[in-house]
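S.K.: Structure of the sequence below:
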Amino acid sequence: MTAAENVCYTLINVSSDSEPPSEVSLKTDLEKGEIKAKTEALKKDHTIKKLLLVFWEIVPKTTPDGKLLQEMILVCDAYRKDLQHPNEFIRGSTLRFLCKLKESELLEPLMPAIRACLEHRHSYVRRNAVLAIYTIYRNFEHLIPDAPELIHDFLVNEKDASCKRNAFMMLIHADQDRALDYLSTCIDQVHTFGDILQLVIVELIYKVCHANPSERARFIRCIYNLLQSSSPAVKYEAAGTLVTLSSAPTAIKAAAQCYIDLIIKESDNNVKLIVLDRLIELKDHPTHERVLQDLVMDILRVLTTPDLEVRKKTLQLALDLVSSRNVEELVIVLKKEVIKTNNVTEHEDTDKYRQLLVRTLHSCSVRFPDMAANVIPVLMEFLSDTNEAAAADVLEFVREAIQRFDSLRPLIIEKMLEVFHAIKTVKIYRGALWILGEYCSTKDDIQNVMTEVRRSLGEIPIVENEIKKETGEVKPEDEVSAAPAQKLVTEMGTYVTQSALSSSRPSKKEEDRPPLRGFLMDGDFYVAASLATTLTKLALRYVAIVQDKKKQNSFVAEAMLIMVTVLHLGKSSLPKKPITDDDVDRISLCLKVLSECSPLMNDIFNKECRKSLSHMLTIRLEEEKLSQKKESEKRNVTVQADDPISFMQLTAKNEMTSKEDQFQLSLLAAMGNTQRKEAADPLASKLNKVTQLTGFSDPVYAEAYVHVNQYDIVLDVLVVNQTSDTLQNCTLELATLGDLKLVEKPSPLTLAPHDFANIKANVKVASTENGIIFGNIVYDVSGAASDRNCVVLSDIHIDIMDYIQPASCTDAEFRQMWAEFEWENKVTVNTNIIDLNEYLQHILKSTNMKCLTPEKALSGFCGFMAANLYARSIFGEDALANVSIEKPIHLGPDAPVNGHIRIRAKSQGMALSLGDKINLSQKKMTI
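M.R.: Next comes the predicted model:
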């Protein structure tokens with residue numbers, strides 16, 4: 001063991017403003033002080049006793065040749081006196097210290113005193129005595145060979161919960177049969193034990209039943225009882241153990257019910273998310289899914305939690321479990337939740353939650369068309385919502401429903417006309433116009449749409465009406481009651497007239513303006529182009545339905561008048577922004593179509609548009625079915641006819657992957673030592689992560705293995721003394737660049753000639769950006785009079801890819817994030833790859849990003865390609881990328897791909913780091 005590893009395991013907290021007490025001051029306080037002073041002195045005495053135990057723990061106890069130092073005989077006597085001390089704290093702390101003692105010669109004389117402590121009146125002493133006996137038995141069994149029997153007798157007579165827990169824990173690890181015998185005698189009283197003892201009992205049952213499955217029937221009833229424990233921790237562990245011990249539907253249902261109760265009753269959102277993950281794991285098992293489907297309504301009780309992440313996971317789980325048996329109940333609950341969001345005060349999470357609910361109802365209606373009729377009336381109320389995102393989701397749902405379900409079209413059009421005048425956002429207004437123009441097919445519906453458009457547009461011609469309002473020439477119904485004109489005299493002696501009407505008119509005008517006119521006056525003429533298309537479709541359909549020429553001409557003329565007056569308004573100076581040329585062209589085209597009424601244009605406007613929508617929805621449905629099929633194939637365990645049969649009794653320990661100890665795995669995960677499966681490629685093994693820090697000819701050679709955990713990096717540095725001198729105070733000095741922080745400074749050590757040592761350093765990571773660790777090794781040469789020597793280390797570059805994971809999002813979310821994120825990094829494509837698809841796949845592999853553009857959109861060859869990529873870091877940061885590349889055909893078939901990749905992120909470090917990664921990786925590719 002090197003000097004750096006000779007560490008102490010006792011933590012002592014000493015306040016920075018206090019001074020260690022001296023022996024003289026303690027003696028004075030105890031002899032002559034008041035009672036209060038004597039009490040304080042005794043407290044300080046305990047602190048000194050702690051420090052003394054720490055000193056005894058780390059002080060060398062043997063000579064260089066391994067023999068015990070003579071002074072240790074006196075120290076051993078001091079240990080014995082402390083074990084017989086009347087103060088329980090000193091006895092207990094000494095017993096704790098003995099757990100860390102590694103010299104059997106020192107422990108042997110103390111065994112009678114340690115045994116006697118098992119019968120002490122205070123539980124603190126007894127529980128530490130059990131720990132000391134367990135440690136001594138584990139390390140030096142010959143000192144106390146009857147320890148299991150001793151502790152079993154102690155356990156039978158003990159009343160204190162903490163002492164029983166320690167004793168039972170020892171029996172589990174030292175003599176499992178005795179532990180089982182004790183459990184068998186008190187198995188009916190387990191529910192009355194304290195939670196710390198119950199947790200240990202759960203662990204014992206888990207281990208016994210996995211080692212010997214025939215014992216399951218004996219102990220499974222005990223696990224069922226522990227599901228009713230008052231301790232959340234016991235319930236959680238018992239439910240997890242029950243699932244591993246039995247796959248019977250009753251067991252799975254009991255465990256799932258226990259998990260749901262925990263989620264509802266626990267206030268900590270992190271606990272809720274962890275337990276939800278366990279439920280999702282249960283759902284992924286094909287045989288357990290049907291059991292969970294019966295518990296969907298219980299799972300939906302979790303929606304009472306205000307946290308958005310918990311609600312999101314719960315809704316996704318419920319959607320995965322929904323079936324024809326429970327979809328009706330699910331929709332009723334979700335409708336109630338949607339209505340609730342309308343009654344609460346507006347909050348950012350409320351809007352997002354409403355979006356989640358709308359999307360869930362959308363998915364339910366697509367999978368179960370019978371439900372759409374119940375859902376649509378409730379959701380369409382939200383088209384008038386001020387939150388554009390939620391209203392857009394509702395509109396998308398309505399568009400899909402009206403296209404797929406012919407029977408619902410009259411209902412949807414009726415509800416749409418009801419809420420049309422209340423729509424507040426221009427984007428939703430455009431979508432609603434399109435739906436009404438596309439699907440209104442009866443004479444009454446078409447006339448109702450025209451009435452709503454005229455109502456929303458106000459008096460026409462718009463320009464003349466607006467000018468009249470500006471000059472005050474308004475009609476009686478629009479007038480405000482004007483106060484009598486008042487004559488005022490100025491300082492110059494002249495008269496002026498002030499009208500109450502003219503002073504109050506602007507604010508009134510703003511309030512009374514109809515919605516569509518308001519959009520147009522704000523300069524948003526894209527809605528005017530949408531209106532022109534809608535009116536053209538309606539007019540062409542009206543001409544086909546109504547035979548009366550006079551009515552046909554009247555309707556077409558009214559539609560053309562509306563378009564012309566909008567064009568006139570766009571060209572005038574009244575709107576805040578003038579109309580764009582694209583919108584002028586669109587409205588002009590619609591006017592020309594209505595004036596000519598050719599059959600070809602009729603087909604394009606009334607048939608081809610709907611065909612395009614139908615085609616898009618069909619493709620989307622196929623993609624969803626394909627992804628669901630892939631998910632189900634992953635979950636379904638297929639067994640081939642020639643697969644070997646696995647017998648548990650004949651299976652080697654290293655092959656029992658499904659029988660891994662869950663308690664051990666969770667402990668390793670908590671300590672950051674999660675065992676990852678190594679890739680089949682040997683280059684992807686640990687050796688690939690070793691970084692050489694110094695040269696082979698340097699006096700000190702160093703290399704580091706970089707182990708990346710989730711939020712920290714462990715550097716395991718091997719330091720080799722390549723000289724014939726002893727290197728003293730050899731210190732690894734590190735510094736970081738980027739969002740990295742060195743946790744602690746590595747301790748100095750002494751290296752013998754040609755000796756080596758391992759030094760570990762922890763670095764905390766706070767965000768996703770490229771970091772650099774640099775530093776040097778400084779040392780003194782034994783016997784030399786020169787200054788300290790220094791070897792500069794190579795830089796260690798931390799790869800951003802360790803923190804980035806592929807993720808998915810909808811097109812709308814991608815566009816929203818693209819607009820919001822302020823940091824953009826534009827990377828020029830510089831590669832020798834000549835195929836567009838090959839380059840895209842190479843970028844996806846290099847950056848861990850996921851391509852959101854559908855595969856069908858990328859198939860084929862047209863000389864150029866555009867794709868959206870998305871990933872998320874473990875810190876919750878989003879990274880977006882847009883790949884725009886082309887194949888320069890004029891340069892020949894072997895010309896490399898060129899173009900740009902635009903990266904957007906919320907933080908500058910993320911955008912720059914991802915750009916650097918792409919720059920490095922695209923140049924590495926060789927053909």
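S.K.: which phi and psi does Ala757 have?
M.R.: Main-chain dihedrals, Ala757, degrees, to the nearest 10: phi -150, psi 160.
S.K.: meant to ask about Leu589, not that
M.R.: Backbone geometry at Leu589, expressed as degrees, to the nearest 10, gives phi -60, psi -40.
S.K.: Over to the closest residue to Ser162 other than its chain neighbours. Which of the three states is it?
M.R.: Closest residue to Ser162 apart from its sequence neighbours, by C-beta to C-beta, 6 or more residues apart in numbering: Arg127 at 5.0 Å. C-beta here means a position set from N, CA and C on the backbone, and glycine is covered the same way. Assigned by DSSP: H, G, I helix; E, B strand; the rest coil, the conformation of Arg127 is helix.
S.K.: got the contact list for Arg127?
M.R.: Asp160, Ser162, Cys163, Arg165, Asn166 (C-beta atoms under 8 Å, 6 or more residues apart in numbering).
S.K.: Let me see the contact set for the second one.
M.R.: Think Ser162. So Ser162 contacts Ser123, Arg127, Gly194, Ile196 (C-beta under 8 Å, 6+ apart).
S.K.: For the first one, which non-adjacent residue is spatially closest?
M.R.: So that's Ser123. Ser123 sits nearest to Asp160 (C-beta to C-beta, 6+ apart), 4.1 Å away.
S.K.: from what I can see the one you found touches Arg126, true?
M.R.: Yes - look at Asp160 against Arg126 with C-beta atoms under 8 Å: they come within range, at 6.9 Å.
S.K.: Just want to know which of these two has more residues nearby.
M.R.: Higher neighbour count among Asp160 and Arg126: Arg126, with 25 against 15, using other C-beta atoms under 10 Å.
S.K.: ok, and the closest non-adjacent residue to that one?
M.R.: Of all residues not flanking Arg126 in the chain, Cys163 sits nearest, at 4.8 Å (C-beta to C-beta, 6+ apart).
S.K.: Now, the contacts of Ser162 that are in helices?
M.R.: Ser123, Arg127, Ile196 (DSSP state H).
S.K.: Next, format these as TSV and append distance to Glu328.
M.R.: Putting the ones in helices among the contacts of Ser162 into TSV (distance: C-beta to C-beta, whole Å) gives the following:
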residue	distance to Glu328
Ser123	57
Arg127	56
Ile196	46
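S.K.: Pick the one among those closest to Tyr705.
M.R.: Top of the list for closeness to Tyr705, among the ones in helices among the contacts of Ser162 and by C-beta to C-beta, is Ile196 at 38.1 Å.
S.K.: How about stretch 692-705, which residues are buried there?
M.R.: When neighbours are counted by 16 or more other C-beta atoms under 10 Å, the buried residues of stretch 692-705 are found to be Leu693, Thr694, Asp698, Pro699, Val700, Tyr701, Ala702, Glu703, Ala704, Tyr705.
S.K.: What is the nearest of those residues to Val59?
M.R.: Once C-beta to C-beta is applied, the member of these that ends up nearest Val59 is Val700, at 29.7 Å.
S.K.: could you list every residue that touches that closest one?
M.R.: So Val700 contacts Thr694, Val719, Val720, Asn721, Gln722, Thr723, Leu727, Cys730, Leu751, Ile777, Tyr779, Val791 (C-beta under 8 Å, 6+ apart).
S.K.: isn't the first one right up against Ala702?
M.R.: Yes - using C-beta under 8 Å as the test, Thr694 is close enough to Ala702 to be in contact (4.8 Å).
S.K.: Shouldn't Thr694 be within a strand?
M.R.: No - assigned with three-state DSSP, Thr694 falls outside any strand and is coil.
S.K.: Look up how far Asn832 lies from it.
M.R.: Distance of Thr694 to Asn832, computed by C-beta to C-beta, to the nearest Å: 34 Å.
S.K.: Model confidence at the closest residue to Val556 other than its chain neighbours, what's the number?
M.R.: Using C-beta to C-beta, 6+ apart and skipping the chain neighbours, the partner closest in space to Val556 is Ala539 (4.9 Å). In this prediction, Ala539 carries a pLDDT score of 86.
S.K.: Check for me that Ala539 belongs to a helix.
M.R.: Yes - Ala539: assigned to a helix according to three-state DSSP.
S.K.: ok, now which ones touch it?
M.R.: Phe555, Val556, Ala559, Leu594.
S.K.: Next, format those as TSV and append secondary structure.
M.R.: Shown next, in TSV, are the contacts of Ala539 (three-state DSSP):
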residue	secondary structure
Phe555	helix
Val556	helix
Ala559	helix
Leu594	helix
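S.K.: pretty sure Gln189 is in a helix, no?
M.R.: Yes - applying three-state DSSP, one finds Gln189 inside a helix.
S.K.: Can you give me the distance of it to Pro145?
M.R.: 31 Å.
S.K.: do the same with Lys159
M.R.: 27 Å.
S.K.: Compare neighbour counts for those two and give me the winner.
M.R.: The neighbour comparison of Lys159 against Pro145 (other C-beta under 10 Å) goes to Pro145, with 10 against 7.
S.K.: List phi and psi for Leu742.
M.R.: When quoted as degrees, to the nearest 10, the phi and psi of Leu742 stand at phi -80, psi 120.
S.K.: Please, which helix or strand holds Ile885?
M.R.: strand 878-886 (DSSP states H and E).
S.K.: repeat for Ile772
M.R.: strand 771-781.
S.K.: what's around the closest residue to Leu83 other than its chain neighbours, how many residues?
M.R.: Distances taken as C-beta to C-beta, 6+ apart place Ala113 nearest to Leu83, at 3.9 Å, with adjacent residues excluded. Neighbourhood size, Ala113 [other C-beta under 10 Å]: 19.
S.K.: Over to the one 4 residues further on?
M.R.: Cys117 has 22 neighbours, counted by other C-beta under 10 Å.
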